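sequence first, predicted coordinates after that:
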Amino acid sequence: MADIADIVVIGAGPAGLSFCKSLADSGLSITLVEQHDQETLANPPPDGREIALTHVSQQTLQALGAWDYLPAADKYYLRQAKVIDGDSPYTLHFPTPDKALGQATDTLGYLISNHNIRRALYAQCKNQPNLTFKTATRVHSVTSNREMATVTLANGDTVRARLVVAADSRFSASRRQMGISTQMQDFGRTVVVFRMQHTLSNESTATECFYYGQTLAILPLTEKLSSIVITIDSASAHEILDVSPDALRRLVIKQLDAKLGDMHLIGERHSYPLVGVHANRFYSQRYALIGDAAVGMHPVTAHGFNLGLQSQSLLAELILAANRDGKDIANPELLREYDRKHRRHTLPLYLATNVIVKLFTTETPPAKIVRKFAIRAGNVLLPFKKIVSKQLTG
């Protein structure tokens, strides 16, 4: 016999968990399906990813209880940012803003380890009265009709619901089952992330270095601890992943021209294939996409997580309003409104990000000239810098 819920959420990542928490006081029954067990949800292993948060995302996490749950030592402050092209000494600089969201501030944004965000969000949800967990199992199939959606699990369980919300990664299997196509960009590159201690201060500055052949980003954690993010052609990823810690140390020091002094690897290296995806629509019959299942961004603009939080907030607000008014929480008009509002923000960012990536990874002589011009023009064109800074702060 099938279980019954108002909403089934697929995926207990940050988007799925935050969506469940956003509906904690709604009176709606929610079933959350997750392939990992609850012990892993409670204590997720480090995956190397540091998440850049805008001020809006920080406020969202605070409203959900996750921000205050995190110890102060797990919160890092991104005061300013720089962009460097090739071996040029010239930088595009985004200084610390005076204000964000109309309030005085001393930081451009925040950096939080992905596993700590997951842990904090799970802690807010684990005892939520209207939430039932079905863990250590996968979704086998999703179907829907005008009245109800049905989710069949790999363990044989079935859950029927008024709405299914998928937050099951940019490679969402349920999205395909529901007939939603995507714009997908396989960049043919691999992201390698690891932490390094260094003897000189990073000045709380994020630096994106577009070298020829690869990209190296420095994400400041503590003053003398940074996350290093190298994006490289997948065929050459072994040059970063398989070398000794000392060889890696020497490679990074050389690429940075010793700007951070001596450096030492801390912990493990992690790698991920670099694929961007944007769903061509964010809904189907009694079905909606949030998080990376809706939009999976290239990390160069650091917007992926923030868009995921935005998507769950927007969909939750529409559901709460419909529920208060006694309307169907999965009515087509509601889902179309969600699609329209979220797409209006995501699609321009997705397309612009892909253009930036193409420009700064193309190494023909004309592209190199355009790159250097873009860096210099970005500093001179103050309206452009204001627009980018606003995107960074949220």
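Thanks, I have it.

ok, residue 135 - contacts?
Shown in contact with residue 135 (Cβ atoms under 8 Å, 6 or more residues apart in numbering): 12, 33-38, 41. From N, CA and C alone the C-beta is placed, and that goes for glycine too.

swap in 10 Å and give it another go.
Applying Cβ atoms under 10 Å, 6 or more residues apart in numbering, we find residue 135 in contact with 12, 32-41.

again with residue 295
Residue 295 neighbours (Cβ under 10 Å, 6+ apart): 170, 182-183, 276-279, 282, 289, 303-304, 307-308, 310-311, 342-343, 345-347, 349-350.

how near is it to residue 251?
Using Cβ to Cβ, to the nearest Å, one obtains 33 Å as the distance from residue 295 to residue 251.

if we can go back for a sec, just the buried ones from the contacts of residue 295?
Among those, those classed as buried by 16 or more other Cβ atoms under 10 Å are 170, 182, 276-279, 282, 289, 303-304, 307-308, 310-311, 342-343, 346, 349-350.

which members of these are positioned in helices?
304, 307-308, 310-311, 342-343, 346, 349-350 (DSSP state H).

now for these: which two are most distant?
Among these, the pair separated by the greatest distance (Cβ to Cβ) is 304 and 343, at 15.7 Å.

distance between the ends of stretch 145-158?
15 Å (Cα to Cα, to the nearest Å).

for stretch 80-93, same thing?
Using Cα to Cα, the two ends of stretch 80-93 sit 8 Å apart.

which parts of the stretch 201-350 of the chain are helices?
Ranges of helices in the stretch 201-350 of the chain, per DSSP state H, counting those that start in this stretch, are 238-241, 245-255, 304-324, 332-361.

likewise for the stretch 51-200 of the chain?
Ranges of helices within the stretch 51-200 of the chain are 55-63, 66-69, 114-125, 173-177, based on DSSP H, counting those that start in this stretch.

tell me the contacts of the residue nearest the centre of the chain?
Closest to where the C-alpha atoms of the chain average out (Cα atoms, centre = their mean) is residue 305, at 2.4 Å. Residues in contact with residue 305 (Cβ under 10 Å, 6+ apart) are 13-15, 49, 51-54, 57, 112, 114, 117, 291-292, 297, 299.

list only those of the residues you listed flagged as buried.
Buried subset of those (neighbour count, 16+ other Cβ under 10 Å): 13-15, 49, 51-54, 57, 112, 114, 117, 291-292, 297, 299.

would you confirm that residue 333 contacts residue 327?
Yes. Contact criterion Cβ atoms under 10 Å: residue 333 and residue 327 qualify, at 8.9 Å.

low-confidence stretches in the stretch 1-150 of the chain?
For the stretch 1-150 of the chain, applying pLDDT under 70 flags the ranges 1.

spell out the residue ranges of the strands in it.
Ranges of strands in the stretch 1-150 of the chain, per DSSP state E, counting those that start in this stretch, are 3-10, 30-34, 50-53, 76-78, 80-85, 91-94, 99-100, 103-104, 109-113, 131-135, 139-144, 149-153.

out of those, nearest to residue 63?
Short answer: strand 50-53, nearest of those by Cβ to Cβ, at 13.3 Å.

got the contact list for residue 319?
Residue 319 makes contact with 6-7, 19, 22-23, 26, 28, 162-163, 165, 288, 327, 329-330, 334, 338, according to Cβ under 10 Å, 6+ apart.

out of those, who has the most neighbours?
Among the contacts of residue 319, the one with the most neighbours (other Cβ atoms under 10 Å) is residue 165, at 33 neighbours.

and that one, what's its pLDDT?
For residue 165, the pLDDT comes out at 98.

ok, now how distant is it from residue 24?
For residue 165, the distance to residue 24 (Cβ to Cβ) stands at 15 Å.

residue 215 now?
Here the criterion is Cβ to Cβ. By it, residue 215 lies 40 Å from residue 24.

same question for residue 86.
Distance from residue 86 to residue 24, by Cβ to Cβ: 49 Å.

which residue sits closest to residue 48, ignoring its sequence neighbours?
Among residues not flanking residue 48 along the chain, residue 270 sits closest, at 3.3 Å (Cβ to Cβ, 6 or more residues apart in numbering).

residue 200 too?
Excluding the flanking residues, the one nearest residue 200 by Cβ to Cβ, 6+ apart is residue 261, at 3.7 Å.

next one: residue 146
residue 285 (7.1 Å).

could you measure from the one you found over to residue 328?
12 Å.

kindly report the same for residue 305.
Distance of residue 305 to residue 328, given as Cβ to Cβ: 30 Å.

before we move on, what about residue 309?
25 Å.

between residue 86 and residue 24, who's got more neighbours?
Higher neighbour count among residue 86 and residue 24: residue 24, with 18 against 15, using other Cβ under 10 Å.

doesn't residue 121 make contact with the more buried one?
No. Taking contacts as Cβ under 10 Å, residue 24 lies outside contact range of residue 121: 11.9 Å.

intersection of neighbour lists for those two?
64-65.

related to what we said a few turns ago, quickly check the contacts of residue 305 for the two that are furthest apart.
13 and 54 (18.4 Å).

how about the strands of the stretch 1-150 of the chain, which one is nearest residue 356?
Set against residue 356 and scored by Cβ to Cβ, the strands of the stretch 1-150 of the chain come closest in strand 80-85, at 10.0 Å.

what strands flank the closest one, and is each parallel or antiparallel?
Counting by DSSP bridges, the strands paired with strand 80-85 are strand 91-94 (antiparallel), strand 205-210 (parallel).

any idea which of these is most buried?
strand 205-210 (a mean of 22; mean count of other Cβ atoms under 10 Å).

off-centre distance for that one?
Relative to its chain's centre, strand 205-210 lies at 18 Å (Cα atoms, centre = their mean, to the nearest Å).

what angle do it and strand 109-113 make?
On the basis of axes from the mean of the first three to the mean of the last three Cα atoms, to 10 degrees, strand 205-210 is oriented at 80 degrees to strand 109-113.

convert the C-alpha atoms of strand 205-210 to PDB, please.
Output of strand 205-210 as PDB, limited to C-alpha atoms (Å, rounded to 0.1, in the frame of the first residue of the first chain):
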ATOM      1  CA  THR A 205      40.900  38.100  -0.900                       C
ATOM      2  CA  ALA A 206      39.500  35.600  -3.500                       C
ATOM      3  CA  THR A 207      41.700  35.500  -6.600                       C
ATOM      4  CA  GLU A 208      40.800  34.000  -9.900                       C
ATOM      5  CA  CYS A 209      43.800  33.400 -12.100                       C
ATOM      6  CA  PHE A 210      43.100  32.600 -15.700                       C
END
